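Enquirer: Okay, here's the prediction I keep looking at, along with the sequence it came from:
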Amino acid sequence: MATTTAVEHRPMLTLQQATELTLQLYGVTITEISTLPSYMDQNFLIVDKEDNKYVLKITNSKESKYTTRMEVQTLAMSFLHQHGVPSQTAMPTTTGQLMSMEEIDCGHGAQTYCVRLMIYLPGKTVGESPVTTQDLYHVGKLAAVIDTTLQQLVSPNLDALQNNDELWSLSNIPLIEGYLSLMDGNPLQEVVKAVIEQYKSHVMPKIASFHKGIIHGDINDQNIIVTPVDNGRHEVSGVLDFSLLMIDCYVFEVAIAIAYMMLENPNPLDVGGAVLAGWESVMVLSDEEKDSLFLLVLGRLCQSVVYGWYNATKYPDNKYLLITNKSGTLLLTKLWEMGKKDVERKWFTDASTFSDK
């Protein structure tokens with residue numbers, strides 16, 4: 001996921017265009033091709049004549065303008081992979097490039113898109129899998145491992161990850177206000193307004209004290225791939241979509257993971273403690289960061305619901321845009337009604353019961 005306006009620049013290649021592009025750039029002859037769901041880019045699952053699988057990723061034309069940022073994101077994926085994180089990585093073109101800027105006409109005039117051929121990671125998403133709380137502990141731990149590993153990333157272009165105007169950054173919760181008119185008449189609008197006001201008074205004054213670094217920015221239930229192991233448990237076998245990689249607060253990463261891992265979970269209140277415990281087995285949060293966790297989780301749910309609605313009005317054919325809305329609305333309402341004190345008591349008590357196994 002990325003900025004809501006990016007959807008206006010969404011690529012719409014035909015299967016034939018994607019097939020020809022893959023042959024032209026990578027020398028790969030496709031025997032099977034199908035589309036994969038995407039929020040604002042375009043993804044194709046492809047199979048070559050040796051039965052190797054890849055994902056052809058065409059980034060929307062707005063994000064594609066930020067070539068330096070995309071180069072750092074692509075570098076970070078390779079760096080993590082080299083350090084043992086099961087991140088998706090890009091394959092080189094026939095000329096050795098990990099990304100290629102291509103001018104393509106999708107029927108609305110030629111625009112420039114960033115094209116990458118990604119390795120395919122087998123497994124199912126967390127959203128499709130009956131994950132246990134121990135699995136979620138490992139998701140939280142992996143999120144922290146990703147962020148601590150990225151502390152070692154060296155590039156002269158790291159400043160490109162200073163994404164201060166990013167709508168999806170949890171620093172920018174108040175920007176939701178510009179989209180609230182969409183919800184006129186919806187009772188959820190009052191909850192969203194109240195979350196924003198609480199955020200302004202209780203979280204914004206503390207942000208300067210939060211620890212910062214490079215974060216994945218979108219540890220959600222569609223971006224984490226798992227495979228079954230034993231006793232109903234899973235192991236994380238893949239991390240996808242680094243398009244929201246940015247320099248931001250580490251506690252935001254925890255809040256984002258908790259928010260999204262709750263969405264399709266039949267016992268959403270059991271998620272927070274598990275993810276938090278996994279994270280803190282690597283990187284401990286300060287008291288002020290922990291005290292902000294509840295409102296940050298609610299803030300992410302507000303972003304997801306409101307921006308999803310906004311984009312769905314522009315692209316009613318893209319069902320993926322509303323993937324979180326029904327469960328997000330129910331969850332947001334439930335957590336708000338329970339209140340900060342009770343939810344945090346549950347999370348922090350649960351977190352103290354986990355061991356690293």
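Expert: That came through fine.

Enquirer: okay, now the domains of this structure?
Expert: Domain ranges of the chain: 4-119, 124-351, per automatic domain parsing.

Enquirer: Is it possible to get a markdown table of those that adds mean pLDDT?
Expert: Shown next, in a markdown table, are the domains of the chain (pLDDT from 0 to 100):
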| stretch | mean pLDDT |
| --- | --- |
| domain 4-119 | 91 |
| domain 124-351 | 93 |
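
Enquirer: Could you find the closest non-adjacent residue to Leu25?
Expert: Spatial nearest neighbour of Leu25, chain neighbours left out: Thr93 (4.8 Å); criterion: CB to CB, 6 or more residues apart in numbering. C-beta: built from backbone N, CA, C; applies to glycine.

Enquirer: Validate this expectation: Ile58 resides in a strand.
Expert: Yes. Using DSSP: H, G, I helix; E, B strand; the rest coil, the assignment for Ile58 is a strand.

Enquirer: doesn't Ser38 make contact with it?
Expert: No. Ile58 is beyond contact range of Ser38, at 9.0 Å (criterion: CB atoms under 8 Å).

Enquirer: neighbour-wise, which of these two wins?
Expert: Neighbours were tallied for Ile58 and for Ser38 using other CB atoms under 10 Å; the higher tally belongs to Ile58 (25 against 21).

Enquirer: which residues does the more buried one contact?
Expert: Shown in contact with Ile58 (CB atoms under 8 Å, 6 or more residues apart in numbering): Pro11, Leu13, Ala18, Asp41, Gln42, Asn43, Phe44, Ile104, Tyr113, Cys114, Val115.

Enquirer: and the fifth one, bridged to which residues?
Expert: It stands for Gln42. Beta-bridge partners recorded for Gln42 (DSSP bridges): Ile58.

Enquirer: Give the helix, strand or coil label for the residue nearest to Leu25.
Expert: What three-state DSSP gives for Thr93 is coil.

Enquirer: So the nearest residue in space to His83 that is not next to it in sequence, which state does it fall into?
Expert: Take His83 and drop its neighbours on the chain: the residue closest to it by CB to CB, 6+ apart is Thr149, 5.0 Å away. Of the three states, Thr149 takes helix under three-state DSSP.

Enquirer: my guess is Thr149 contacts Ser87, does it?
Expert: No. Contact criterion CB under 8 Å: Thr149 and Ser87 do not qualify, at 9.7 Å.

Enquirer: Same drill for the two, tell me which one is more crowded.
Expert: Of the pair Thr149 and Ser87, Ser87 is the one with more neighbours under other CB under 10 Å, namely 24 against 18.

Enquirer: For the more buried one, give me its contacts.
Expert: With contact taken as CB under 8 Å, 6+ apart, Ser87 is in contact with Met77, Leu80, His81, Ile146, Gly238, Val239, Phe242.

Enquirer: what about it, distance to Val229?
Expert: For Ser87, the distance to Val229 (CB to CB, to the nearest Å) stands at 20 Å.

Enquirer: which residue is nearest the middle of this structure?
Expert: Nearest to the mean C-alpha position of the chain, counting by CA atoms, centre = their mean, stands Asp218 at 2.2 Å.

Enquirer: Now do the phi/psi pair for that one.
Expert: Phi and psi for Asp218, reported as degrees, to the nearest 10, are phi -150, psi 50.

Enquirer: give me every residue that touches it.
Expert: Asp218 makes contacts with Met1, Trp168, Asp241, Ser243, Leu244, Ile256, as judged by CB under 8 Å, 6+ apart.
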